[in-house]
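>>> Give the three-dimensional model of this entry:
(chains A and B)
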Protein chains: 2
Amino acid sequence: MNNFTFYNPARIVFGKDTELKAGSLIKEYGTRVLVHFGGHSAKASGLLDRVIDSLQKEGITVFELGGVKPNPRYSLVKEGIELCKKENIQAILAVGGGSVIDSAKAIAFGALIEEDVWDYYLYGKAIKQILPLGVVLTIPAAGSESSTSTVITHDETLIKRGLGSPLFIPKFAIINPELHYSLPKFQTACGIVDMSAHLIERYFTQVEHNDLTDRLIEANLKSIIANALPVLENPTDYNARAEIAFCGTLAHNGLFSVGRVGDWASHSIEHELSAKFDIAHGAGLAMIIPWWMRHVYKEGLYKFVQFAQRVFDVQLDARYPELIALEGIRRLELFYQSLGLDTNTVSLPIDEEVIHEMTEKIFVARDSQTLGFFKPLTRDDIKAIYRSANQK
Amino acid sequence: MNNFTFYNPARIVFGKDTELKAGSLIKEYGTRVLVHFGGHSAKASGLLDRVIDSLQKEGITVFELGGVKPNPRYSLVKEGIELCKKENIQAILAVGGGSVIDSAKAIAFGALIEEDVWDYYLYGKAIKQILPLGVVLTIPAAGSESSTSTVITHDETLIKRGLGSPLFIPKFAIINPELHYSLPKFQTACGIVDMSAHLIERYFTQVEHNDLTDRLIEANLKSIIANALPVLENPTDYNARAEIAFCGTLAHNGLFSVGRVGDWASHSIEHELSAKFDIAHGAGLAMIIPWWMRHVYKEGLYKFVQFAQRVFDVQLDARYPELIALEGIRRLELFYQSLGLDTNTVSLPIDEEVIHEMTEKIFVARDSQTLGFFKPLTRDDIKAIYRSANQK
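Numbering: from 1, shown residues only, chains lettered A, B, ... in the order given. All right, here's what the predicted structure looks like:
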């Protein structure tokens, strides 16, 4: 186990009607608040009105900026930064899912600097302060509501990059599972894959002796698997929605990173897919993770055996650990398929040229010439993964 | 699942040599610091010197108050409060286990009020502020290093009472598993029981639909069980010590309380044992918990079946759930025995008069006429539990 510091001061306010507390919670941080959101659904459902009403009841002056799209764009971030500077915004309330929250995080630190925010994403520059940020979560998936990270896509180059800092942890996250009832089945499924990926990226580490966090990650994965089909079959099952929502938050709040070094190669490999083809991040992860696993499992066979046995209860003959490992990967793949998602990229127009282009983009402005930690991937490794995911 | 708020801003600084950061961490909160500790071991091991040295290097004026005993006493708390007031102490650093931390918590809020601190414990009065508190943890057990609670014993009446508030969460907790190498085997074992009890008290709830937290608690219990014997057999096994230490912290940081109502009757029943006989809290819990379980399991048989199957892998015939439940309890009892602890009270001079006295003391200044939530215990229930634990 590596030395670590764990610190996550996000206040998780969870349950029915909790969005009505948005005003009293954000008021602690200012009286001029930017409410940042996505498309029409927040307005159409009445959620945005309820939230803004709760702010106005507290005497808060509300500014609105909507229009965040999946794979949130840098251009809207710039617009938000200008608005914050012009209107002396004191705090930001993100009403949405991971894209809205990530966009709000970018605006929240851009509002306090003069330089180009994109440089921070591209070169991983350290940030020093951000505007206080609160969240009303409408899509359980990215875990951004209590995470240290934000991912933005550049409009012109379509380069997609993440940036991390403890400062990005929101002050509070309001999570009402009832707000997730109206999510389309596909979006719910993509969210489920995304949160499972946050656990898998942490689980597969070369740092040994992380017994407690291994088991906690397995527990979280098992709860996702146990509640995924119930929530897809009955979108208004409060308890299943609640489990999935809290699973997504815990999966990415940092607790399961302690004492280890996560991999995160699959995330980068997927980012190029979703940046190029504008597909949902979770859909892309379902296409990539099983193939990443098959490419790397020999680098830590015991860990894949443990995954298969503990998460999927694979009980094959212990003399054949490789079969056990591969069966675990197959069951994960079947789980993703059971959510109605593709576990390969054959539906996308990918050829050798595209594979080359995506692989090279991963290394733009990246110091290292390899990707990930479980097995540090070379360009050839990455191309092999893209190719195996694309087998017709 | 119940609505909940989860907020735990304790900074966990974990690993080798981390006690050397005590000075830089506490300096953020003041330059006149009370270092609170227990007996000779912290001095003899050189730990106290290292910690005080790290404070003095930061220019901090250090005041010392040692002498905290297991089942920490109100008289020393009063002494600490007077010292804080006289010397204008700005922050407190607890160097020790749960008793030292709990005593420091009492001092930290007593220093800021004029009233009698004991009244707060006895009547559960709400506290409003405390001095900033940091911790260097020497005994993994109570979880007080990031918990909301403190337990103090009154010197004269020997009444032992807990008090809870989010304000009691320490600002930081330094946890270096190497500092636990020198713990006697018995004390290590008692700590292991204590942390298991914090999980069990939360696990057995009548609130349904807590799938994720059920699984996380099971994972934490399994990690305790997996690492307990290694740490007892090889006290300098860093990785096993690290697992046990982090298990103890997570068991009581509040994450596993969300969405549910814990029981906590066993804690109160035990508090009377350790207050009267001055035995270790963990030793008392091992004597009580199996008997509490046998007294209450019929009130939620499915939960005891789940406990047996998931924590202890009991695979008895599903047609006989009661046998499965009882076998789970027996395996927990065997686990406690494997740590070298008694799972009954026959070594203590307990008779009907003592049972009556302890039972009545539980209800002193308590509003409710029952104890606990899984099965609200009457005085007769409590006496029955004391009696079954005391069967010769």
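>>> Surely residue A:10 is in a helix?
No. Residue A:10 is assigned strand when assessed by DSSP: H, G, I helix; E, B strand; the rest coil, not a helix.
>>> Which residue, other than its chain neighbours, is closest to it?
Using C-beta to C-beta, 6 or more residues apart in numbering or on different chains and skipping residues adjacent in sequence, the residue nearest residue A:10 is residue A:146, 3.9 Å away. C-betas here are computed from N, CA, C, even on glycine.
>>> Same question for residue A:392.
Nearest one to residue A:392, counting by C-beta to C-beta, 6+ apart, is residue A:346 at 5.6 Å.
>>> mind checking how far the one you found is from residue A:389?
8 Å (C-beta to C-beta, to the nearest Å).
>>> who has more neighbours, these two?
Neighbours per residue, other C-beta atoms under 10 Å in any protein chain shown: of residue A:346 and residue A:389, the larger number sits with residue A:389, 26 against 11.
>>> Next one: the more buried one, what pLDDT does it get?
Note on residue A:389: pLDDT of 98.
>>> Contacts only, for the residue nearest to it when sequence neighbours are not counted.
Leaving aside its sequence neighbours, residue A:389 sits nearest to residue A:291 (C-beta to C-beta, 6+ apart; 4.3 Å). Residues in contact with residue A:291 (C-beta atoms under 8 Å, 6 or more residues apart in numbering or on different chains) are A:344, A:385, A:388-389.
>>> Compare the residues you listed and tell me which has the most neighbours.
residue A:389 (26 neighbours).
>>> What separation do you get for that residue and residue A:373?
Taken as C-beta to C-beta, the span from residue A:389 to residue A:373 is 20 Å.
>>> what does the stretch 101-250 of chain A have sitting close to chain B?
A:208-209, A:211-212, A:215-216, A:218-220, A:222-223, A:226-227, A:238-239, A:242-243, A:246-247, A:250 (C-beta under 8 Å from any C-beta of the partner chain).
>>> Would you mind checking these for buried ones?
Buried subset of these (neighbour count, 16 or more other C-beta atoms under 10 Å in any protein chain shown): A:209, A:211-212, A:215-216, A:218-220, A:222-223, A:226-227, A:238-239, A:242-243, A:246-247, A:250.
>>> who's in contact with stretch A:73-93?
For stretch A:73-93, using C-beta under 8 Å, 6+ apart, the contacting residues are A:22, A:26, A:29-36, A:51, A:55, A:63, A:65, A:67-69, A:103-104, A:106-108, A:110-111, A:117-118, A:131-136, A:152-155.
>>> please redo it, this time with the cut-off set to 7 Å
A:22, A:26, A:29-36, A:63, A:65, A:67-68, A:103-104, A:106-108, A:110-111, A:117-118, A:131-134, A:136, A:152-155 (C-beta atoms under 7 Å, 6 or more residues apart in numbering or on different chains).
>>> Give me the subset of these that lies in strands.
A:32-36, A:63, A:65, A:133-134, A:136, A:152-153 (DSSP state E).
>>> Can you give me the neighbour number for residue A:381?
Neighbours of residue A:381 using other C-beta under 10 Å come to 20.
>>> quick one, what contacts it?
Going by C-beta under 7 Å, 6+ apart, residue A:381 touches residue A:295.
>>> Just the pLDDT at it, thanks.
Residue A:381 is given a pLDDT of 98.
>>> One more: residue A:160?
86.
>>> my read: residue A:162 touches residue A:151, true?
Yes. Applying C-beta atoms under 7 Å, one finds residue A:162 in contact with residue A:151, separated by 4.4 Å.
>>> Have a look at these two and say which one is more surrounded.
Using other C-beta under 10 Å, the more surrounded residue of residue A:162 and residue A:151 is residue A:151, with 25 against 15.
>>> these two touch, right, the more buried one and residue A:168?
No. Using C-beta under 7 Å, residue A:151 makes no contact with residue A:168, being 11.0 Å away.
>>> would the residue nearest to residue A:389 count as being in a helix?
Yes. Checked against three-state DSSP, residue A:291 lies within a helix.
>>> where's it relative to chain B, distance?
28 Å (C-beta to the nearest C-beta, to the nearest Å).
>>> Repeat that for residue A:367.
26 Å.
>>> and that residue, how many neighbours does it have?
Neighbours of residue A:367 (other C-beta under 10 Å): 7.
>>> Return the helix or strand in chain A with minimum mean pLDDT.
Lowest on mean pLDDT, DSSP states H and E among the helices and strands of chain A sits helix A:40-44, with a mean of 84.
>>> buried sites along it?
Here helix A:40-44 shows A:41-42 as buried, counting by 16+ other C-beta under 10 Å.
>>> Name the surrounding residues that touch it.
A:48, A:95-96, A:138.
>>> Just the pLDDT at residue A:275, thanks.
89.
>>> Which residues are in contact with it?
A:71, A:153, A:158-160.
>>> Make a markdown table from those and add secondary structure to it.
Below are the contacts of residue A:275 laid out as a markdown table (three-state DSSP):
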| residue | secondary structure |
| --- | --- |
| A:71 | coil |
| A:153 | strand |
| A:158 | coil |
| A:159 | coil |
| A:160 | strand |
